[in-house]
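>>> Here is my input, please return the structure:
(one chain, ligands or ions: 1)
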Amino acid sequence: MGSKAKVIVLGGGVGGTFVANKLARHSQQVQVTVVDATGSHHYQPGLLYVPFKQEKPETLRYDERKLLHPEVELICQPVIRIEPDRRRLFFSDGYLEYDYLVIATGCCPAPEEIPGLQEGGHHFYSEPDAIRLRDALETFEGGHIVVGIGGFPYKCPPAPIEFTLLLADWLEQNGLRNKTKITFLSPLPQPFSIPTVNPLVEELFARSGITSECFFNAEAVDPQRRMVSSLEGTEINYDLLILIPPHRGSPVVDASGLGDKGGWIPTDRNTLQAKGHDNIFVIGDATDLPISKSGAAAHFEAPIVVANLLALVSGQSPQTSYDGSVLCLVETGKGTGTILRFNYDRPPNPPKPTRYYRWVKHFMNRFYPLAVLKGWSLTLFLDSLRRVPFQRPPFCGSEEMISLKDRQ
Ligand SMILES: Cc1cc2nc3c(=O)[nH]c(=O)nc-3n(C[C@H](O)[C@H](O)[C@H](O)COP(=O)(O)OP(=O)(O)OC[C@H]3O[C@@H](n4cnc5c(N)ncnc54)[C@H](O)[C@@H]3O)c2cc1C
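Predicted structure coming up:
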């Protein structure tokens, strides 16, 4: 190995961009290259608002080059295969060698796992699908909207709940609420996957007149009969179906033999190294970790990956441990929001919804890409939220704004 270790970060989404920008501050030790399929960074949390015309899809795309530290090289080309034994990434027309690899390839909805869903249903988990749903809502005149979770895992677990509450508000604002029944489907015994959050979700659904149909594992959709059926034998008619498909890891993970049957990479839950490959780290949605697939998880994982990778570069063993931290700001409808903060050991205990938490969510939506652009991280801001007791939200004034700058 030469004087600098060659690090390739595969994927220029939330996890990859953060890790690359943080590593770039150690340019005397590492030379960092990001390889991304498109070079266009997609800020996915904004997709929640596209169906309601509260966000324009084009505002959610950022030029990855502008987000990256100037010392980070960017290659915009899809990787078709990784060969861990030879430490190589293959493109259709060549390959790159690395000393250390960070896999940040995210995951994708797999509607094909539910026959008929692609033709008969909608979702908002990609730009084209969010636009298609926006168009469907534009012509919707009332009836039965069936919305919910089509299977596990999927990214951002609260998003279907948030969407349903925003949908109820949108229907009301557009004079359609009293002409529309909303049914929420969940494969679980309760609407949401985290039991400690369910009493709040059930209260919010009751307030907004949303009915839950639990133990509904969607098996197939019949677009002609407008019917969704479950493994449990239930059939439900719909006028508009909005079902979040189960997700899979990136195809490159399968092609490289690095994933399990869902395409998730077995990852050490503490060091974030790929199991069996000490010089490969995994971050964000690509892992098989038992935590929410979320940008927030990727954010909290990034410093751990950087510290452990630099330890290896210096000839030491990884010392820093990820505790499973996640922090989600959640829309709860009627102009309010709440916050879920949790880790491997401690489940969330959401505070009463307030306008403040919704404001923080919208602040994050605006500020987060800018923070990445400037090479900052919001770790200190997020940490301040984590430390402050739920019932006393932190004041986010000028001092906190200064402390946003990552001084690590
Ligand atoms: C509707 C919606 C709402 C959400 N809301 C929230 C929220 O409120 N809070 C939150 O924390 N999270 C939220 N998320 C989830 C969050 O966006 C993801 O969890 C996060 O983007 C994961 O980051 P990542 O780096 O793992 O993957 P991504 O950000 O998805 O990035 C993966 C990157 O890898 C690249 N890539 C993949 N395969 C290859 C290949 N073979 N070659 C080259 N490049 C490749 C892709 O082009 C992409 O740029 C939401 C997601 C959705 C869809």
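
>>> what are the ranges of the strands in the stretch 251-400 of the chain?
Assigned by DSSP state E, counting those that start in this stretch, the stretch 251-400 of the chain shows strands spanning 273-274, 277-282, 326-333, 336-342.

>>> Determine the set of other helices and strands touching the first one.
Strand 273-274 makes packing contacts with strand 277-282 when contacts are defined by 3 or more Cβ pairs under 8 Å, 6 or more residues apart in numbering; DSSP states H and E. C-beta coordinates here come from the backbone N, C-alpha and C atoms, glycine included.

>>> does the ligand sit close to the strand it packs on?
No. For strand 277-282, no contact with the ligand is found by Cβ under 6 Å from any ligand atom; the gap never falls below 9.2 Å.

>>> could you give me the average pLDDT of that strand?
For strand 277-282, mean pLDDT rounds to 98.

>>> in that strand, what's buried?
277, 279-282 (16 or more other Cβ atoms under 10 Å).

>>> Direction included, what does it pair up with?
strand 100-103 (parallel), strand 273-274 (antiparallel) (DSSP bridges).

>>> what sits up against the first one?
In other words, strand 100-103. Here strand 100-103 makes contact (Cβ atoms under 8 Å, 6 or more residues apart in numbering) with 5-11, 15-16, 19, 30, 82, 84, 87, 89, 253, 258, 265, 274, 279-283, 286, 305, 309, 312-313.

>>> State the mean pLDDT of it.
Average pLDDT, strand 100-103: 98.

>>> Any part of the very next helix or strand once past that strand near the ligand?
Per DSSP states H and E, strand 100-103 leads on to strand 107-109 as the next helix or strand towards the C-terminus. No. Judged by Cβ under 6 Å from any ligand atom, strand 107-109 and the ligand are separated, with a smallest distance of 6.9 Å.

>>> Show me which residues of the protein sit near the ligand.
Residues of the chain lying near the ligand (Cβ under 6 Å from any ligand atom): 10-16, 35-38, 44-45, 47-48, 78-79, 104-106, 124-125, 155-156, 159, 250, 252, 284-286, 293-296, 298, 328.

>>> quick revisit: taking the contacts of strand 100-103 one by one, which sit in helices?
15-16, 19, 253, 305, 309, 312-313 (DSSP state H).

>>> Widest-spaced pair of those residues?
Val253 and Val313 (24.5 Å; Cβ to Cβ).

>>> Comparing those two, which residue is more hemmed in?
Neighbours were counted for Val253 and for Val313 using other Cβ atoms under 10 Å; Val253 has more, 23 against 19.

>>> Please report the distance of that one from Ala20.
19 Å (Cβ to Cβ, to the nearest Å).

>>> swap in Ser40?
Distance from Ser40 to Ala20, by Cβ to Cβ: 16 Å.

>>> Of these two, give the one with the bigger neighbour count.
Counted by other Cβ under 10 Å, Ser40 and Ala20 do not tie: Ala20 has more neighbours, with 31 against 14.

>>> Name the residue of the stretch 51-200 of the chain that lies nearest to the ligand.
Gly106 (2.7 Å; Cβ to the nearest ligand atom).

>>> Equivalent analysis for the stretch 1-150 of the chain, please.
Among all residues of the stretch 1-150 of the chain, Gly13 sits closest to the ligand, at 1.8 Å; criterion: Cβ to the nearest ligand atom.

>>> That residue contacts Tyr43, correct?
No. Using Cβ atoms under 8 Å, Gly13 makes no contact with Tyr43, being 9.4 Å away.

>>> of these two, who's got more company?
Between Gly13 and Tyr43, Gly13 has the larger neighbour count (other Cβ under 10 Å), namely 22 against 18.

>>> Pop out the phi and psi values for Ser229.
Dihedral pair for Ser229: phi -120, psi 160, per degrees, to the nearest 10.

>>> so how far is the ligand from the residue lying closest to it once chain neighbours are set aside?
The shortest distance from Ser229 to any residue other than its chain neighbours is 4.7 Å, reached at Glu235 (Cβ to Cβ, 6 or more residues apart in numbering). According to Cβ to the nearest ligand atom, to the nearest Å, Glu235 stands 28 Å off from the ligand.

>>> Just give me the neighbour total for Glu235.
Neighbours around Glu235, by other Cβ under 10 Å: 12.

>>> Tell me the pLDDT of it.
Confidence score, pLDDT, at Glu235: 98.

>>> Might you report the residue contacts of it?
Residues in contact with Glu235 (Cβ under 8 Å, 6+ apart) are 227-229.

>>> of the residues of the chain next to the ligand, buried ones?
10-16, 35-36, 44-45, 47-48, 79, 104-106, 124-125, 155-156, 159, 250, 252, 284-286, 293-296, 298, 328.

>>> ok, and the helix or strand in this protein with the lowest average confidence?
Ranked by mean pLDDT, DSSP states H and E, the weakest helix or strand in the chain is helix 398-403, scoring a mean of 26.

>>> picking up where we left off before, kindly indicate which of the ones in helices among the contacts of strand 100-103 lies nearest Thr338.
When the ones in helices among the contacts of strand 100-103 are compared for distance to Thr338 (Cβ to Cβ), Gly15 comes out closest, at 24.7 Å.

>>> ok, so what distance separates the closest one from His299?
Gly15 sits 8 Å away from His299, going by Cβ to Cβ.

>>> Next: Tyr62.
Tyr62 is 16 Å from His299, by Cβ to Cβ.

>>> Neighbour count: the two, which is higher?
Legend: neighbour count by other Cβ under 10 Å for Tyr62 and His299, higher for His299 (23 against 18).

>>> where does Ala371 land on pLDDT?
Reported pLDDT for Ala371: 71.

>>> got a pLDDT number for Arg407?
24.

>>> and what of Thr338?
Value listed for Thr338 in the pLDDT field: 96.

>>> With Pro351 instead?
Value for Pro351, per-residue pLDDT: 93.

>>> wait, doesn't it sit right on Thr338?
Yes. Counting by Cβ under 8 Å, Thr338 is a contact partner of Pro351 at 5.9 Å.

>>> any shared contact partners between these two?
Tyr357.

>>> Compare neighbour counts for these two and give me the winner.
Per other Cβ under 10 Å, whichever of Pro351 and Thr338 has more neighbours is Thr338, with 24 against 18.

>>> Tell me which residues touch that one, please.
200, 329-330, 332, 350-354, 357.

>>> now Ala302
15, 18-19, 22, 283, 377.

>>> which two in those are spaced the farthest apart?
So, the contacts of Ala302 by Cβ to Cβ: farthest apart are Ile283 and Ser377, at 13.5 Å.
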